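Asker: just to be clear, the model below is a prediction. Sequence and coordinates:
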Amino acid sequence: MQRVCGENEFNVGVIGLDHGHIFGMCNGLSEAGATIKSAWDPDPAKVEAFRGAFPTAQIVPAPDFIYDDPAIKLIATAAIPCDRGRIAEKALLCGKHVFSDKPGFTTLQHLERVKAAVAATRLRYGIYFSERLHVEAATYADYLIKRGDIGRVIQTIVLGPHRLNAPSRPSWFFDKAQYGGIITDIGCHQIEQILYYCGAADAEIAYSRVSHYRGPEFPGFEDFGEASLRCDNGASGYFRVDWFTPEGLSAWGDGRTIILGTEGYIELRKYVDIARFDHGDSVYMANKDGEFYFDARNTLGYPFFGKFIRDCMDGTEHAMAQDYIFKVMELALRAEEMASNQREDAAVAGK
């Protein structure tokens, strides 16, 4: 990955290590030239593991050491989801750009407060939508679409299965007030991909549903969700998210994206190409010229990170539009709210 800044030119402070995504977030930033300068979390074990991966990080005794450090340009957070909005708002008001794990917020109130802080400070706020931004197959699909290989995109379908690994999960993971619900938590990935590949700025939620299938072991935990969207440019999208990846699958989830155009279609098999290859980043395409397979590994990289750093440094907006980021999270939160209002306990109903 091309480095876009020099050493210590763009310093990052990290507050909150509750989700392992923080390693991917900081890898992407550091590979693009950022320096991981400091980190804080109340859990010493998490802090030690993080410093093992990022030895440049100074471990500080309290988050204010990061908020108040004039050398820090950006604060990254993968705290418990319900805390991310508060951390982002304070970071912005302290003069720092923000890079948050998804979901950025668990309530519309958190979203509005961060929007107001961005408007007041004119700083950048980004979210780690890793299922597109940190997957080379997704970058390769973007390249094919922009090259005109499948014409105008008219529908995007995104499947986001995950493995539960329940014994390794902290208690907050099963508490909706803290994780925000399955559509808020995972579905924001899928909504982002639908808007992006369809070239839409907004969408209407036509349908959304969440369910709990597992029974009494995890009461109230949403393990299945789905939604349909009508985009503002006439395209449409559907996604499914779940916690039912079988133990025999070699990856944590068989994430797929199917992009239909007026002149062809593309399928992404992001993390595994089941019973075919022991790797992901497989891209399949059919159009007027025939059928094609592309191995996207080590091709186009992850351009988001360098662009985001330069956006923060230059006051530009090339990586991802600010209004777009907020729109993705607004749609996820509204789809979750719509689904929750009509949820039934499928575990009970199926007995």
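Answerer: Nice, I can see it. Residues are numbered from 1 along each chain as shown.

Asker: tell me the SS of residue 137?
Answerer: Secondary structure, DSSP: H, G, I helix; E, B strand; the rest coil: residue 137 is helix.

Asker: count the residues that sit near it.
Answerer: Residue 137: 29 surrounding residues under other Cβ atoms under 10 Å. Where you see a C-beta, it was placed from the backbone N, CA and C, and this is true even at glycine.

Asker: measure it to residue 246 for me?
Answerer: As judged by Cβ to Cβ, to the nearest Å, residue 137 and residue 246 stand 22 Å apart.

Asker: cool, residue 28 as well?
Answerer: Noted for residue 28: a distance of 29 Å to residue 246, by Cβ to Cβ.

Asker: list the contacts for residue 257?
Answerer: 138, 141, 156-159, 193, 197, 266-268, 270 (Cβ atoms under 8 Å, 6 or more residues apart in numbering).

Asker: now do the phi/psi pair for residue 260.
Answerer: Main-chain torsions, residue 260, degrees, to the nearest 10: phi -100, psi 130.

Asker: show the pLDDT at it.
Answerer: pLDDT, residue 260: 99.

Asker: wait, it touches residue 145, no?
Answerer: No. The criterion here is Cβ atoms under 8 Å, and residue 260 misses it with residue 145 at 11.1 Å.

Asker: which parts of the stretch 101-250 of the chain are strands?
Answerer: 125-128, 153-161, 203-211, 224-231, 236-242 (DSSP state E, counting those that start in this stretch).

Asker: just name the most buried of the ones you listed.
Answerer: Comparing these by mean neighbour count (mean count of other Cβ atoms under 10 Å), strand 125-128 comes out on top with a mean of 24.

Asker: ok, now which ones touch residue 228?
Answerer: Contacts of residue 228 (Cβ under 8 Å, 6+ apart): 205-208, 236-238.

Asker: same check on residue 102?
Answerer: Contact analysis of residue 102 by Cβ under 8 Å, 6+ apart lists 21, 127-130, 185, 188-189.

Asker: check residue 335 too.
Answerer: Counted by Cβ under 8 Å, 6+ apart, residue 335 has contacts 183, 187, 191, 205, 208, 227.

Asker: count of residues packed around the third one?
Answerer: Spelled out, it's residue 191. 25.

Asker: with distance to residue 77 and pLDDT as extra columns, can I get the contacts of residue 257 in JSON lines?
Answerer: What follows is these, written out as JSON lines (distance: Cβ to Cβ, whole Å; pLDDT from 0 to 100):
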{"residue": "138", "distance to residue 77": "23", "pLDDT": "98"}
{"residue": "141", "distance to residue 77": "29", "pLDDT": "98"}
{"residue": "156", "distance to residue 77": "29", "pLDDT": "98"}
{"residue": "157", "distance to residue 77": "31", "pLDDT": "98"}
{"residue": "158", "distance to residue 77": "25", "pLDDT": "98"}
{"residue": "159", "distance to residue 77": "28", "pLDDT": "98"}
{"residue": "193", "distance to residue 77": "23", "pLDDT": "98"}
{"residue": "197", "distance to residue 77": "27", "pLDDT": "98"}
{"residue": "266", "distance to residue 77": "33", "pLDDT": "99"}
{"residue": "267", "distance to residue 77": "33", "pLDDT": "98"}
{"residue": "268", "distance to residue 77": "28", "pLDDT": "98"}
{"residue": "270", "distance to residue 77": "25", "pLDDT": "98"}
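
Asker: looking at stretch 198-214 now, give me its mean pLDDT.
Answerer: Rounded mean pLDDT across stretch 198-214 is 96.

Asker: please renumber the chain so that the first residue is 43 from this point on.
Answerer: Got it, first residue is 43 now, which makes that one stretch 240-256.

Asker: measure how far that stretch is from the centre of its chain, please.
Answerer: Mean C-alpha position of stretch 240-256 versus that of the full chain (Cα atoms, centre = their mean, to the nearest Å) differs by 16 Å.

Asker: check stretch 349-358 too.
Answerer: 19 Å.

Asker: that older thread, mind putting the contacts of residue 377 in CSV, distance to residue 319 included?
Answerer: CSV is the format used below for these (distance: Cβ to Cβ, whole Å):
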residue, distance to residue 319
225, 31
229, 27
233, 28
247, 35
250, 33
269, 30
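
Asker: still on that earlier bit, residue 295: which of the strands of the stretch 143-292 of the chain is closest?
Answerer: The minimum distance between residue 295 and the strands of the stretch 143-292 of the chain falls on strand 195-203, with 4.4 Å, by Cβ to Cβ.
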